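> A predicted structure for the sequence below; I have some questions about it.
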Amino acid sequence: MDITQKLQRKATVWQQYSQHHGYLHHTELKGKIGSKMHYEGKEYLVWCLNDYLGLMDHEAGITAATEATAEYGPSYPHSVRLTVGHTQAHTELEDQLAKFMQREEAMLVNLGYQGFMSIIDALTDRHDTIIYDQNVHACLIDGIRLHNGRKFAFKHNSVEHLEQQLERAMKTHRPEHGMLLVVVDGLYSMQGETAPLDQIVALKAKYDFALFVDDSHAFGVFGAEGRGTPEHYQVEEAVDVYVSTFTKALGNLGGFVAAKKEIIEFLRFTVRSQIFSRTMPLPMVRSVQQNLKIMQAEPERRAILWRNTRYFQDGLRQLQIAFGQTESPITPVQINASLDEGLKILMALREMGIFSYLVVYPVVEKGLCLFRMVCSYNHSIEDIDQTLNAFRQLKEKYPSALSPRSTIEINP
């Protein structure tokens, strides 16, 4: 059997989407990043960027990256950080992050996906047991797949089932040889709901486990100071390993892990995706430094983001359009439709100048699609009113497709 025959046998549902290249997937938006961009020559109101605080196109971050590129080149320092791929700027950014997060230390990762996957791999061995929410991000799922010890999933956001799995794990767990590691997302990126961290942390009084939180979509968004869901739930000290990307609130690439000094020092020498890969380029480091300063100096960005979120979601409620149980700017508008009908509704939405994308099976169950609408600092009240008017017209045209549906199944 050659590779082509092998792949044909492994063909999945995704093959039916290939004819929609450039429309349903691999879509190119042009122009300066913001609430208005261009697609196929027409300007649209854009609702699909995770640019929560409007920092992707901030002049200070762009200038910092441009100046570093002009002086050192786009990929400096040209090597693995553990050897000669290090700069003082990398340490400065880590110190900034550790201070902001009120943690002993922080470590940069060049890409969030591979970094977080590898951190789980580095922290665990065959003597450890991982217990994880079934809806955690794909990068965590892949890290857990690498684990050659015991692992248990618990039903999404079910603290009761988590405790059942902890009890199950304790029957064979040998604490003198390994640990229990509970892995969750602080904020789930598709449905927009938070993990009940206060209830999860309460279980620590009964079960001895370490808590790993991927807070990529909540960093800079949740908490009085923007320190994410642990700050929001007032359980920061109980989170043993905190990871987040720079791709959302800080509008860049890469990410970081924050924890006690002993944990970070261990990870510096054991996270394979970092010690065998190029370091985060200096232009990105300088840009993130600037955007982190802006995020701290301008809390009004977070306030405007939440104002926009409440205004948009209140408008959808008045239209009786369902968007799940989100607690965040992520607003998954439910479309009760097949792929074909969902594409018609997507086309109608775009014809009214509103740009979103369609989330389809197998990410969600068959017979359902989602418009994953993301509110941002960049959106104006006028933008939101225009979008709500478009949904009003959509519901008049497709009443059954936009009627509320009780539950949604999400496949990570």
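Perfect, thanks for sending it.
> in the stretch 251-400 of the chain, which spans are helices?
When secondary structure is read from DSSP state H, counting those that start in this stretch, the stretch 251-400 of the chain shows helices at 261-268, 272-275, 282-297, 300-318, 339-351, 381-397.
> Just send these back as CSV, with mean neighbour count, mean pLDDT and distance to residue 102 too.
All C-beta atoms are positioned from the backbone trio N, CA, C, and that covers glycine. Converted to CSV, these look like this (neighbours: other C-beta atoms under 10 Å; pLDDT from 0 to 100; distance: least, C-beta to C-beta, whole Å):
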stretch, mean neighbour count, mean pLDDT, distance to residue 102
helix 261-268, 16, 97, 13
helix 272-275, 19, 94, 24
helix 282-297, 22, 97, 13
helix 300-318, 17, 98, 18
helix 339-351, 16, 91, 42
helix 381-397, 16, 97, 34
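> Let's have those in JSON lines, adding distance to residue 34.
Below are the helices of the stretch 251-400 of the chain laid out as JSON lines (distance: least, C-beta to C-beta, whole Å):
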{"stretch": "helix 261-268", "distance to residue 34": "36"}
{"stretch": "helix 272-275", "distance to residue 34": "32"}
{"stretch": "helix 282-297", "distance to residue 34": "15"}
{"stretch": "helix 300-318", "distance to residue 34": "14"}
{"stretch": "helix 339-351", "distance to residue 34": "18"}
{"stretch": "helix 381-397", "distance to residue 34": "10"}
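> To residue 180, which of these lies closest?
Evaluated over the helices of the stretch 251-400 of the chain, closeness to residue 180 peaks at helix 261-268, with 15.8 Å, by C-beta to C-beta.
> tell me the contacts of the closest residue to residue 392 other than its chain neighbours?
Once flanking residues are discounted, residue 392 sits nearest to residue 319: 5.8 Å by C-beta to C-beta, 6 or more residues apart in numbering. Applying C-beta atoms under 8 Å, 6 or more residues apart in numbering to residue 319 gives the contacts 388, 391-392, 395.
> Nearest to residue 133 among those?
Lowest distance from residue 133 to these (C-beta to C-beta) belongs to residue 391, with 30.7 Å.
> if we can go back for a sec, closest one to residue 53 among the helices of the stretch 251-400 of the chain?
Using C-beta to C-beta, the helices of the stretch 251-400 of the chain put helix 300-318 closest to residue 53, at 4.5 Å.
> Tell me the helices and strands packed up against that closest one.
Contacts defined by 3 or more C-beta pairs under 8 Å, 6 or more residues apart in numbering; DSSP states H and E place helix 300-318 against helix 282-297, strand 330-335, helix 381-397.
> In CSV, please show the C-alpha coordinates belonging to it.
Extracted as CSV, the C-alpha positions of helix 300-318 are listed here (Å, rounded to 0.1, in the frame of the first residue of the first chain):
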residue,chain,number,x,y,z
GLU,A,300,-10.1,50.9,29.7
ARG,A,301,-9.5,48.5,26.7
ARG,A,302,-10.8,45.7,28.8
ALA,A,303,-13.7,47.8,30.1
ILE,A,304,-14.7,48.6,26.5
LEU,A,305,-14.4,45.0,25.4
TRP,A,306,-16.8,43.9,28.1
ARG,A,307,-19.2,46.8,27.3
ASN,A,308,-19.3,45.6,23.7
THR,A,309,-19.7,42.0,24.8
ARG,A,310,-22.7,42.8,27.0
TYR,A,311,-24.3,45.1,24.4
PHE,A,312,-24.0,42.5,21.6
GLN,A,313,-25.2,39.5,23.7
ASP,A,314,-28.1,41.5,25.2
GLY,A,315,-29.1,42.3,21.6
LEU,A,316,-29.1,38.7,20.6
ARG,A,317,-31.2,37.8,23.6
GLN,A,318,-33.8,40.3,22.6
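> how far out from the middle of the chain is it?
Distance of helix 300-318 from the chain centroid (C-alpha atoms, centre = their mean, to the nearest Å) equals 19 Å.
> contacting residues around it?
By C-beta under 8 Å, 6+ apart, the list of residues contacting helix 300-318 from outside reads 52-55, 220-221, 226, 294-295, 323, 326, 328-329, 331, 333, 373, 375-377, 379, 381, 384-385, 387-388, 391.
> how about the strands of the stretch 1-150 of the chain, start to end?
For the stretch 1-150 of the chain, the strands defined by DSSP state E, counting those that start in this stretch occupy 36-39, 42-46, 105-109, 129-133, 150-154.
> these two touch, right, residue 105 and residue 262?
No - using C-beta atoms under 8 Å as the test, residue 105 is too far from residue 262 to be in contact (9.0 Å).
> hmm, back to that, pLDDT at the residue nearest to residue 392, what is it?
Note on residue 319: pLDDT of 95.
> Could you confirm residue 184 falls within a strand?
Yes - using DSSP: H, G, I helix; E, B strand; the rest coil, the assignment for residue 184 is a strand.
> That one: how many residues sit nearby?
For residue 184, the count of nearby residues is 28 (other C-beta atoms under 10 Å).
> if I pick it, what's in contact with it?
Counted by C-beta under 8 Å, 6+ apart, residue 184 has contacts 132-133, 136, 195, 197, 200, 211-214.
> Where neighbours are concerned, which of those has the most?
In the contacts of residue 184, the most neighbours by other C-beta under 10 Å go to residue 214, 31 neighbours.
> Okay, that one and residue 110: tell me how far apart.
17 Å (C-beta to C-beta, to the nearest Å).
> just residue 164 next, same as before
Look at residue 164 and residue 110: by C-beta to C-beta, they are 38 Å apart.
> my read: residue 131 touches residue 173, true?
No - contact criterion C-beta under 8 Å: residue 131 and residue 173 do not qualify, at 10.3 Å.
> what's the overlap in contacts for these two?
Between them, residue 131 and residue 173 share these contacting residues under C-beta under 8 Å, 6+ apart: residue 180.
> first to last residue in stretch 33-51, what's the distance?
For stretch 33-51, the separation between the terminal residues is 9 Å (C-alpha to C-alpha, to the nearest Å).
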